[in-house]
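J.: My questions are about this predicted structure, shown below with the sequence.
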Amino acid sequence: MSEVTAPGELPSHEVHCQIQQIEALNHDVSRVWLQLPAGKRVQWHAGQYMMLNLNGEGFPFSIANHCDGRRLELHIRHGDDNSAAQDIMAYLESASTVSATLPAGMRFIDSAPEQPVWFICGSTGFAPVKAMVERLIALDFDHPVRLFWGARTPEDLYLPTLPAQWKMALKDFDFTTALSDIRHPDHAEGLVHEAALAALNEPELPLFYLGGSPPMAWAVFDALVEEGVPAGNIHCDVFDYAPRE
(Lines give C-alpha, C1' and ligand atoms only; values in the text may rest on other atoms or scores of the structure.)
Protein backbone atom coordinates (compact mmCIF):
# COMPACT_ATOMS: atom_id res chain seq x y z
CA MET A 1 0.00 0.00 0.00
CA SER A 2 1.48 3.36 -1.00
CA GLU A 3 1.85 6.10 1.58
CA VAL A 4 -0.61 8.97 1.28
CA THR A 5 0.68 12.42 2.12
CA ALA A 6 -0.74 15.91 1.97
CA PRO A 7 0.46 18.35 -0.72
CA GLY A 8 4.07 19.29 0.01
CA GLU A 9 4.37 16.63 2.71
CA LEU A 10 7.03 13.95 2.44
CA PRO A 11 6.66 10.37 3.71
CA SER A 12 8.42 9.54 6.96
CA HIS A 13 11.00 6.74 7.03
CA GLU A 14 12.72 4.85 9.81
CA VAL A 15 16.22 3.99 8.65
CA HIS A 16 19.61 2.92 9.92
CA CYS A 17 22.26 5.48 9.01
CA GLN A 18 26.00 5.02 8.86
CA ILE A 19 27.92 7.32 11.19
CA GLN A 20 30.52 8.67 8.78
CA GLN A 21 32.32 11.49 10.54
CA ILE A 22 32.27 13.57 13.72
CA GLU A 23 34.18 16.85 13.92
CA ALA A 24 34.39 19.55 16.56
CA LEU A 25 33.14 22.93 15.33
CA ASN A 26 33.90 24.82 18.55
CA HIS A 27 34.22 24.14 22.27
CA ASP A 28 30.77 22.57 22.68
CA VAL A 29 29.30 21.98 19.19
CA SER A 30 30.13 19.01 16.98
CA ARG A 31 29.11 18.29 13.42
CA VAL A 32 27.93 14.73 12.79
CA TRP A 33 27.73 13.35 9.25
CA LEU A 34 25.36 10.44 8.69
CA GLN A 35 24.72 8.52 5.48
CA LEU A 36 21.31 7.19 4.52
CA PRO A 37 21.09 3.60 3.31
CA ALA A 38 21.48 2.93 -0.41
CA GLY A 39 18.49 1.76 -2.40
CA LYS A 40 15.87 3.69 -0.42
CA ARG A 41 14.93 7.20 -1.50
CA VAL A 42 14.55 9.43 1.53
CA GLN A 43 13.81 13.11 1.00
CA TRP A 44 13.44 16.08 3.29
CA HIS A 45 12.70 19.76 2.92
CA ALA A 46 15.25 22.36 3.99
CA GLY A 47 14.50 23.36 7.57
CA GLN A 48 13.01 20.03 8.66
CA TYR A 49 14.36 17.88 11.47
CA MET A 50 14.89 14.20 12.24
CA MET A 51 14.72 11.97 15.29
CA LEU A 52 17.67 9.94 16.51
CA ASN A 53 16.24 6.79 18.08
CA LEU A 54 18.31 5.74 21.09
CA ASN A 55 17.33 3.42 23.95
CA GLY A 56 13.65 3.60 23.12
CA GLU A 57 13.56 7.40 22.97
CA GLY A 58 13.51 9.84 20.07
CA PHE A 59 15.77 12.91 20.17
CA PRO A 60 15.05 15.70 17.63
CA PHE A 61 17.86 17.35 15.68
CA SER A 62 17.55 19.78 12.82
CA ILE A 63 19.00 18.64 9.52
CA ALA A 64 21.69 21.20 8.69
CA ASN A 65 21.95 20.54 4.94
CA HIS A 66 19.36 20.65 2.19
CA CYS A 67 18.36 17.49 0.36
CA ASP A 68 21.11 16.77 -2.14
CA GLY A 69 22.07 13.12 -1.88
CA ARG A 70 22.32 10.62 0.96
CA ARG A 71 24.29 12.60 3.54
CA LEU A 72 22.73 14.14 6.63
CA GLU A 73 24.44 16.88 8.62
CA LEU A 74 23.66 17.45 12.30
CA HIS A 75 24.98 20.15 14.66
CA ILE A 76 24.91 18.89 18.25
CA ARG A 77 25.63 21.17 21.20
CA HIS A 78 26.91 19.07 24.09
CA GLY A 79 28.03 21.50 26.76
CA ASP A 80 28.33 20.73 30.44
CA ASP A 81 24.72 21.84 30.96
CA ASN A 82 23.37 19.18 28.58
CA SER A 83 24.00 15.67 29.88
CA ALA A 84 21.52 14.12 27.42
CA ALA A 85 23.47 15.50 24.46
CA GLN A 86 26.73 14.28 26.02
CA ASP A 87 25.23 10.77 26.24
CA ILE A 88 24.13 10.99 22.60
CA MET A 89 27.61 12.05 21.52
CA ALA A 90 29.15 9.18 23.49
CA TYR A 91 26.89 6.74 21.64
CA LEU A 92 27.64 8.24 18.22
CA GLU A 93 31.38 8.17 18.87
CA SER A 94 31.30 4.49 19.79
CA ALA A 95 28.79 3.10 17.25
CA SER A 96 28.93 2.60 13.48
CA THR A 97 25.20 3.07 12.78
CA VAL A 98 22.24 4.82 14.36
CA SER A 99 18.49 4.47 13.92
CA ALA A 100 16.73 7.61 12.70
CA THR A 101 13.24 8.70 11.66
CA LEU A 102 12.81 11.48 9.12
CA PRO A 103 11.65 13.92 8.01
CA ALA A 104 9.61 15.85 10.57
CA GLY A 105 8.54 19.46 10.83
CA MET A 106 6.13 21.75 8.98
CA ARG A 107 8.25 24.93 8.78
CA PHE A 108 10.54 24.65 5.79
CA ILE A 109 11.57 26.11 2.44
CA ASP A 110 11.06 24.01 -0.67
CA SER A 111 10.10 26.38 -3.48
CA ALA A 112 11.25 29.99 -3.68
CA PRO A 113 9.20 32.47 -1.60
CA GLU A 114 7.95 35.59 -3.34
CA GLN A 115 9.21 37.98 -0.67
CA PRO A 116 12.36 38.65 1.35
CA VAL A 117 13.43 36.02 3.89
CA TRP A 118 14.88 36.92 7.29
CA PHE A 119 16.47 34.38 9.63
CA ILE A 120 16.89 34.94 13.37
CA CYS A 121 18.68 32.21 15.29
CA GLY A 122 20.76 31.43 18.34
CA SER A 123 23.30 28.68 19.05
CA THR A 124 22.56 25.52 17.02
CA GLY A 125 19.34 27.12 15.81
CA PHE A 126 21.77 27.97 13.02
CA ALA A 127 21.47 24.38 11.72
CA PRO A 128 18.05 24.60 10.03
CA VAL A 129 18.90 28.11 8.84
CA LYS A 130 21.97 26.72 7.09
CA ALA A 131 19.83 24.17 5.27
CA MET A 132 17.30 26.79 4.18
CA VAL A 133 19.97 29.20 2.95
CA GLU A 134 21.53 26.38 0.94
CA ARG A 135 18.12 25.70 -0.59
CA LEU A 136 17.69 29.37 -1.51
CA ILE A 137 21.10 29.31 -3.18
CA ALA A 138 20.10 26.20 -5.16
CA LEU A 139 16.89 28.00 -6.22
CA ASP A 140 18.89 31.06 -7.38
CA PHE A 141 16.74 33.15 -5.05
CA ASP A 142 16.82 36.82 -5.98
CA HIS A 143 14.90 38.51 -3.13
CA PRO A 144 16.76 39.91 -0.11
CA VAL A 145 17.95 37.42 2.52
CA ARG A 146 19.00 38.61 5.98
CA LEU A 147 20.61 36.54 8.74
CA PHE A 148 20.79 37.54 12.41
CA TRP A 149 22.76 35.04 14.48
CA GLY A 150 23.11 35.42 18.24
CA ALA A 151 25.51 33.96 20.78
CA ARG A 152 26.95 34.80 24.16
CA THR A 153 30.61 35.13 23.12
CA PRO A 154 32.52 34.98 19.80
CA GLU A 155 33.65 31.45 20.67
CA ASP A 156 30.02 30.30 20.61
CA LEU A 157 29.71 31.14 16.90
CA TYR A 158 30.73 28.11 14.87
CA LEU A 159 31.31 27.95 11.09
CA PRO A 160 31.91 31.71 11.32
CA THR A 161 33.12 32.14 7.73
CA LEU A 162 30.05 30.54 6.14
CA PRO A 163 27.84 33.66 6.00
CA ALA A 164 30.53 35.50 4.04
CA GLN A 165 30.45 32.68 1.48
CA TRP A 166 26.69 32.99 1.23
CA LYS A 167 27.10 36.69 0.51
CA MET A 168 28.98 35.68 -2.64
CA ALA A 169 26.40 33.04 -3.62
CA LEU A 170 23.15 35.00 -3.20
CA LYS A 171 22.14 38.12 -5.09
CA ASP A 172 21.16 40.11 -1.99
CA PHE A 173 22.41 38.67 1.29
CA ASP A 174 23.60 40.36 4.46
CA PHE A 175 24.24 39.09 7.96
CA THR A 176 24.65 40.36 11.49
CA THR A 177 26.07 38.52 14.48
CA ALA A 178 25.11 39.65 17.98
CA LEU A 179 26.71 38.89 21.33
CA SER A 180 24.72 39.06 24.55
CA ASP A 181 27.48 38.68 27.13
CA ILE A 182 30.41 40.78 25.93
CA ARG A 183 31.12 43.82 23.80
CA HIS A 184 33.10 43.21 20.62
CA PRO A 185 33.75 45.56 17.67
CA ASP A 186 32.89 42.92 15.06
CA HIS A 187 29.46 42.07 16.47
CA ALA A 188 26.26 43.82 17.48
CA GLU A 189 25.68 44.08 21.20
CA GLY A 190 22.66 42.58 22.96
CA LEU A 191 19.99 40.04 22.07
CA VAL A 192 19.90 38.91 18.47
CA HIS A 193 16.31 39.93 17.78
CA GLU A 194 17.14 43.48 18.89
CA ALA A 195 19.58 43.71 15.99
CA ALA A 196 16.87 42.45 13.65
CA LEU A 197 14.33 44.97 14.90
CA ALA A 198 16.84 47.78 14.47
CA ALA A 199 17.20 46.84 10.79
CA LEU A 200 13.49 46.28 10.12
CA ASN A 201 11.93 49.07 8.05
CA GLU A 202 8.98 47.24 6.46
CA PRO A 203 7.70 44.79 9.10
CA GLU A 204 4.87 43.44 6.93
CA LEU A 205 7.16 42.42 4.05
CA PRO A 206 9.63 39.62 5.02
CA LEU A 207 9.04 36.00 5.92
CA PHE A 208 10.77 35.19 9.22
CA TYR A 209 12.27 31.82 10.15
CA LEU A 210 13.46 31.43 13.75
CA GLY A 211 15.91 28.89 15.14
CA GLY A 212 16.39 28.39 18.86
CA SER A 213 14.89 27.19 22.12
CA PRO A 214 11.16 27.54 22.89
CA PRO A 215 11.66 30.51 25.28
CA MET A 216 13.85 32.28 22.72
CA ALA A 217 11.49 31.59 19.81
CA TRP A 218 8.36 32.78 21.62
CA ALA A 219 10.14 35.90 22.92
CA VAL A 220 11.24 36.78 19.39
CA PHE A 221 7.74 36.05 18.08
CA ASP A 222 6.24 38.51 20.59
CA ALA A 223 8.80 41.19 19.77
CA LEU A 224 8.22 40.86 16.02
CA VAL A 225 4.43 40.95 16.32
CA GLU A 226 4.65 44.01 18.57
CA GLU A 227 6.76 45.66 15.86
CA GLY A 228 4.03 45.02 13.27
CA VAL A 229 5.11 41.73 11.68
CA PRO A 230 2.05 39.61 10.77
CA ALA A 231 2.01 36.47 12.94
CA GLY A 232 1.51 34.31 9.85
CA ASN A 233 4.85 35.51 8.47
CA ILE A 234 6.80 34.05 11.43
CA HIS A 235 7.81 30.39 11.28
CA CYS A 236 9.50 28.09 13.78
CA ASP A 237 9.06 24.41 14.61
CA VAL A 238 8.78 25.44 18.26
CA PHE A 239 5.32 26.83 17.51
CA ASP A 240 4.18 23.32 16.56
CA TYR A 241 5.91 21.08 19.13
CA ALA A 242 5.91 23.52 22.07
CA PRO A 243 2.74 25.60 21.58
CA ARG A 244 1.52 28.02 24.19
CA GLU A 245 -1.34 26.92 26.41
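T.: That came through fine. Not measured: the values here are computed from a predicted model.
J.: tell me the contacts of residue 116?
T.: 143, 144, 145, 146, 205, 206, 207 (CB atoms under 8 Å, 6 or more residues apart in numbering). Any C-beta I mention is one placed from the backbone N, CA and C, and that applies to glycine too.
J.: Quick check: the farthest pair among these?
T.: Across the contacts of residue 116, no pair lies farther apart than 145 and 205, at 12.9 Å, counting by CB to CB.
J.: Comparing the two, which residue is more hemmed in?
T.: For residue 145 and residue 205, the more surrounded residue by other CB atoms under 10 Å is residue 145, and the numbers stand at 24 against 15.
J.: Strands of this protein, residue ranges please.
T.: The residue ranges that make up the strands of the chain, judged by DSSP state E, are 13-24, 29-35, 49-54, 57-62, 71-77, 97-104, 117-122, 145-151, 173-179, 188-189, 207-211, 234-235.
J.: for the chain, what are the low-confidence residue spans?
T.: By pLDDT under 70, the weakly predicted segments of the chain are 1-8.
J.: What distance do you get for the closest residue to residue 203 other than its chain neighbours to residue 176?
T.: The shortest distance from residue 203 to any non-neighbouring residue, by CB to CB, 6 or more residues apart in numbering, is to residue 228 (3.8 Å). Applying CB to CB, to the nearest Å, one obtains 20 Å for the distance of residue 228 from residue 176.
J.: quick one: which of the two has more around it?
T.: For residue 228 and residue 176, the more surrounded residue by other CB under 10 Å is residue 176, and the numbers stand at 18 against 10.
J.: Hmm, that one is touching residue 186, no?
T.: No: between residue 176 and residue 186 there is no contact, the gap being 10.6 Å when judged by CB atoms under 8 Å.
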